[in-house]
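Peer 1: show me how the following folds:
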Amino acid sequence: MSRSLSVCVVGAGSSYTPELVEGLLQQDPALLPVGELRLTDIDAERLSIMAGFSERAVRHAGRDVTVASDKRLAPMIEGADFVITQIRVGGMKARHLDESIPLKYGIIGQETTGPGGMFKALRTIPPMIEIGNTVASAAPDAYILNYANPSGIVSEAVSKHTKANIIGLCSGIPGMQAEIEGSFSPRYPDLRVYTVGLNHFGHIHRVLSGDRDVTGEVMEALAKTEEERGNQGGERTIRLLQAYPIGYVDYFYHRARMVQAYQSHSGTRAEEIEAIEREILAEAARPDVVEKPKALSRRGGGGYANITFAVMKAIVNDTGEELTANVPNRGSVDGIEDDAVVEVVCRVDRNGAHPLPVGQIPLAFRGVMQALKAYETLTVEAAVQRSRRLAVLALLNHPLMGDVDVIEPLLDEMLAAHGLDFT
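Peer 2: Residues are numbered from 1 along each chain as shown. Presented below is the predicted three-dimensional model:
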């Protein structure tokens, strides 16, 4: 493809922007000819820092990429080919509330799981729908590559309530797939690794070597590796499920232990990250810094530039590569509505991400996944309708909740803390 591409980053003041810039500069221009990087954020100071860093990094790499920045959304999106969304509504102050309030009720406090994850979604969905509508109007052929968490829920909201093309991404499962491929490809030729689940509730459940199903052998080897590492919980979980789950499942499969661990912390992860981000921003603001700040290694959740640019290249070059993404189900997974978003392996080409057929969810985790999917879909509608009743129902379906006597006071306290008016 010879036409120069324009990539817009919404929420560019994020501490993750240097990783995106680094990933972009590592791409072969022949495969991904990005000529323009547009940055937008409502925080002028953070946007200025990241724009300055990006310009220096591009010059240092000797790349012919123009960097533009503007607080206004529409001018940055107009005519873009890809729009990367990584907004965090309320910042770390809101995340602190999401993490700390549920723990008072004996429920996990985490930014994407349980009531904390729901409130992040309730805050994020309205502006993401606005962004989706802007993309549909100003850049109707663009693809939104979404990282705004909880990615699956947010992507479902934008998919259902706008005409924008959106693909939800997360580095978690792709990183696990790469780990398996790196470890087992010498033993098993033509290795393909498949997953089924929801964002942050994914399970690698099928591994093929050519036409041969080697799932059992690979799962046993993975369990032995976890055992050798001293991770008895991980070893037991793999053998129990006959699947390799993302680490977030510990919130469901070891819930009492995880609640106790979080309650014993002297502060929240949000408070830790707030301090780390100050270091990242201070380093990124220095005129001599042209590579991603060293403090970013302590931020967590890294590695997502890999899947971002893999998806871009597959679309631009119409490769049909198999990549994991969060997309509407469209009949891929039995027992899930067609317009509900699932996290599965997709064939990615110029027309977007197409979920590959999965069939039935393995019975070992089918019930939890279907309950979580009901919670996610109810959360989308609660955010759109600003409905307290739907928010209660969402938490009633959540596997970590399920008790109205706990849900209602917890919900009301969090609504008040975040200043959300739900009727």
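
Peer 1: pull the distance from the helix ranked longest in the chain to the chain's centre.
Peer 2: What stands out as the longest helix in the chain, according to DSSP state H, is helix 114-138. Helix 114-138 sits 13 Å away from the centroid of its parent chain (C-alpha atoms, centre = their mean, to the nearest Å).

Peer 1: swap in stretch 307-326?
Peer 2: The answer for stretch 307-326 is 16 Å, by C-alpha atoms, centre = their mean.

Peer 1: now do the end-to-end distance for it.
Peer 2: Using C-alpha to C-alpha, to the nearest Å, the end-to-end distance of stretch 307-326 comes out at 12 Å.

Peer 1: buried residues in it?
Peer 2: For stretch 307-326, the neighbour count (16 or more other C-beta atoms under 10 Å) marks 307-316, 319, 323-326 as buried. The way it works is simple: take the backbone N, C-alpha and C, and place the C-beta from them, glycine included.

Peer 1: repeat for stretch 358-374
Peer 2: Under 16+ other C-beta under 10 Å, the buried positions of stretch 358-374 are 358, 361-362, 365, 368-374.

Peer 1: could you dump the residues you listed to a markdown table with distance to Arg95, secondary structure and pLDDT?
Peer 2: As requested, the buried residues of stretch 358-374 are exported to a markdown table (distance: C-beta to C-beta, whole Å; DSSP: H, G, I helix; E, B strand; the rest coil; pLDDT from 0 to 100):
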| residue | distance to Arg95 | secondary structure | pLDDT |
| --- | --- | --- | --- |
| Val358 | 32 | coil | 98 |
| Ile361 | 30 | coil | 98 |
| Pro362 | 32 | coil | 98 |
| Phe365 | 27 | helix | 98 |
| Val368 | 25 | helix | 98 |
| Met369 | 25 | helix | 98 |
| Gln370 | 28 | helix | 98 |
| Ala371 | 25 | helix | 98 |
| Leu372 | 21 | helix | 98 |
| Lys373 | 24 | helix | 98 |
| Ala374 | 25 | helix | 98 |
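
Peer 1: which one of those is nearest Val135?
Peer 2: Lys373 (25.5 Å; C-beta to C-beta).

Peer 1: which helix or strand lies directly C-terminal to the longest helix of the chain?
Peer 2: Next helix or strand after helix 114-138 toward the C-terminus (DSSP states H and E): strand 143-146.

Peer 1: partner strands of that following strand, with direction?
Peer 2: Here strand 143-146 is paired, per DSSP bridges, with strand 82-85 (parallel), strand 165-168 (parallel).

Peer 1: for Val290, find the nearest of the ones you listed.
Peer 2: strand 82-85 (21.1 Å).

Peer 1: buried ones in the closest one?
Peer 2: Those would be 82-85, for strand 82-85 by 16+ other C-beta under 10 Å.

Peer 1: just the CA trace of it, in CSV.
Peer 2: Presented in CSV, the C-alpha positions along strand 82-85 are these (Å, rounded to 0.1, in the frame of the first residue of the first chain):
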residue,chain,number,x,y,z
PHE,A,82,-7.1,4.4,12.7
VAL,A,83,-8.2,5.9,16.0
ILE,A,84,-6.6,4.4,19.1
THR,A,85,-8.7,5.1,22.2
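
Peer 1: re earlier: elements contacting the longest helix of the chain?
Peer 2: In terms of contacts (3 or more C-beta pairs under 8 Å, 6 or more residues apart in numbering; DSSP states H and E), helix 114-138 is packed against helix 73-77, strand 82-85, helix 91-100, strand 143-146, helix 151-161, helix 363-385, helix 388-397, helix 404-418.
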